[in-house]
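J.: model this:
(4 chains)
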2 protein chains.
Amino acid sequence: MLVGMAWNTEETKRKLKEAAVAEFAAHGLGGTTMERIARRAGVNKERLYTYFGDKPRLFATVLADELNKVAAAVPLDHLDGPEAVAEYAGAVYAYHAEHPELTRLLLWEGLLDLPAVPDEASRTDYYRTKVAAFERAQQSKTISDTLPAADLAFLVLALAGWWYAVPQMARMMHADSSSTPASAKAALMQAATQLAAPSN
Amino acid sequence: MLVGMAWNTEETKRKLKEAAVAEFAAHGLGGTTMERIARRAGVNKERLYTYFGDKPRLFATVLADELNKVAAAVPLDHLDGPEAVAEYAGAVYAYHAEHPELTRLLLWEGLLDLPAVPDEASRTDYYRTKVAAFERAQQSKTISDTLPAADLAFLVLALAGWWYAVPQMARMMHADSSSTPASAKAALMQAATQLAAPSN
DNA sequence: CTGAATTCCAACGCGACCGTTGGAATTGCG
DNA sequence: CGCAATTCCAACGGTCGCGTTGGAATTCAG
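T.: Got it, this is the predicted structure:
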């Protein structure tokens, strides 16, 4: 009965998912072709269908994978003070700088505006733990409570994500070319600090 | 020689552009079909090609049109104090709430990451006038100068735009359904105020 | 009315992509 | 070795959308 280990199946799946992330991030659900994913992975197209189902299902799979990766890479359990909020915002920005695929996948997904996203339950849990960390910090008076915790957390992510959402706008607003990834990160950390600083 | 006024050409062009905005905003450049645009406008597909060229050109045309509209609808020449920044952020949010097409077009464009966007020169001018208004307010010490003017302006727009960029994230983070468009607007205006408030 | 210019549109060629299928190659097992 | 199970893949049918084209309908000038 034993499932054969022949043809290193797991490795093939991994290569396909890696290629799918790159293609979907670059071209979106509609702009990506299964053919190109398979070619990039050096695998036949048919494997995609037997392993992952059709194109939307594959998209959902790779997005869920990437979300799990970022959840592991940028933890957030405890916040004590505005500086910790800035650190978190900076870490999110830095992660996206190294892995621009995730933001782009999220944006492509957002533009599809499906009635419900795949994996909604676990993703909601994930975001709620972030919000809960902000709530606890508010209750212990270490950060500002002028904004509801959910809004504050959401807006901090907005500061970090907007650069990747509309890069063309970022480029045009900083036309004097005085802007670098490093200065962008410094600016958003400063901004996050101001959002989280206890009102005086 | 006189060009005939027959078949009300201008009206046909207007209807085509209106339909194109709706379709492009909903499905993006790749997901939109010329056929559907023409059907929605009640006009034959071929008119699109003779009037506007191919699909990317049409996309650029309608995006430029929408940018001109928002520039006219949400002016910004003078800023005096954090409250004015909040007012501006709120106005931007409100405009996008009524015309969600523009943000979506910008996001689709951003995801294409073209080396240069159409109409780059005039759009750069447009953004630079916004930045200049922030700069003047900083020089007259009515708003905070802890952030470069370009970053501050950019991040204020981030606060207003993020809701539309990742609506699925907004929905999941506010899972308790305590969030409304009105509360979102209030939150972002509060946040904008805190970003712009002179440091103490 | 006749003819030229312009707007409109039905139909087409062509290429691209999705998802499938039939069968070949490889592996483990008896 | 022979057999069954599994992984792999080249090729295909069908559909869809882009951009074009040939000609019909409408308008205006003479």
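
J.: okay, CA-based contacts and neighbour counts for the rest of this
T.: OK.

J.: Nearest spatial neighbour of A:Y93, chain-adjacent residues omitted?
T.: Nearest residue to A:Y93, sequence neighbours excluded (C-alpha to C-alpha, 6 or more residues apart in numbering or on different chains): A:A160, at 5.1 Å.

J.: from chain A, which residue is nearest to DNA strand C?
T.: DNA strand C sits closest to A:T33 of chain A, with a gap of 3.0 Å, by C-alpha to the nearest atom of the strand.

J.: Quick check: A:N8 vs chain B, distance?
T.: 35 Å (C-alpha to the nearest C-alpha, to the nearest Å).

J.: That residue: neighbouring residues, count only.
T.: A:N8 has 9 neighbouring residues, counting by other C-alpha atoms under 10 Å in any protein chain shown.

J.: quick one: pLDDT of it?
T.: If you check A:N8, the pLDDT there is 76.

J.: A:K15 versus that one, what's the distance?
T.: With distances taken as C-alpha to C-alpha, to the nearest Å, A:N8 is found 11 Å from A:K15.

J.: now swap in A:W162 and tell me
T.: As judged by C-alpha to C-alpha, A:W162 and A:K15 stand 30 Å apart.

J.: same question, A:T193
T.: 40 Å.

J.: between these two, who's got more neighbours?
T.: Neighbours per residue (other C-alpha under 10 Å) separate A:T193 from A:K15, with A:T193 holding more: 24 against 18.

J.: Tell me the buried residues in the longest helix along chain A?
T.: Longest helix in chain A, counting residues (DSSP state H): helix A:9-31. Across helix A:9-31, burial judged by 16 or more other C-alpha atoms under 10 Å in any protein chain shown covers A:12-13, A:15-17, A:19-31.

J.: circling back to that earlier point, quick one: the residue of chain A closest to DNA strand C from A:A26, how far?
T.: Distance from A:T33 to A:A26, by C-alpha to C-alpha: 11 Å.

J.: what do you get for A:P82?
T.: Using C-alpha to C-alpha, A:P82 is found at 35 Å from A:A26.

J.: Next up, identify which helix or strand the residue nearest to A:L102 when sequence neighbours are not counted is on.
T.: Nearest non-adjacent residue to A:L102, counting by C-alpha to C-alpha, 6+ apart: A:E66, 6.2 Å away. Using DSSP states H and E, A:E66 sits within helix A:55-73.

J.: buried residues in that helix?
T.: For helix A:55-73, burial by neighbour count (16+ other C-alpha under 10 Å) applies to A:K55, A:L58, A:F59, A:A60, A:T61, A:V62, A:L63, A:A64, A:E66, A:L67.

J.: And for stretch A:109-126?
T.: Buried, per 16+ other C-alpha under 10 Å, within stretch A:109-126: A:E109, A:G110, A:L111, A:L112, A:V117, A:P118, A:R123, A:T124, A:Y126.

J.: Show me how chain A divides into domains.
T.: The record's domain parsing of chain A by automatic domain parsing lists A:8-55, A:74-196.
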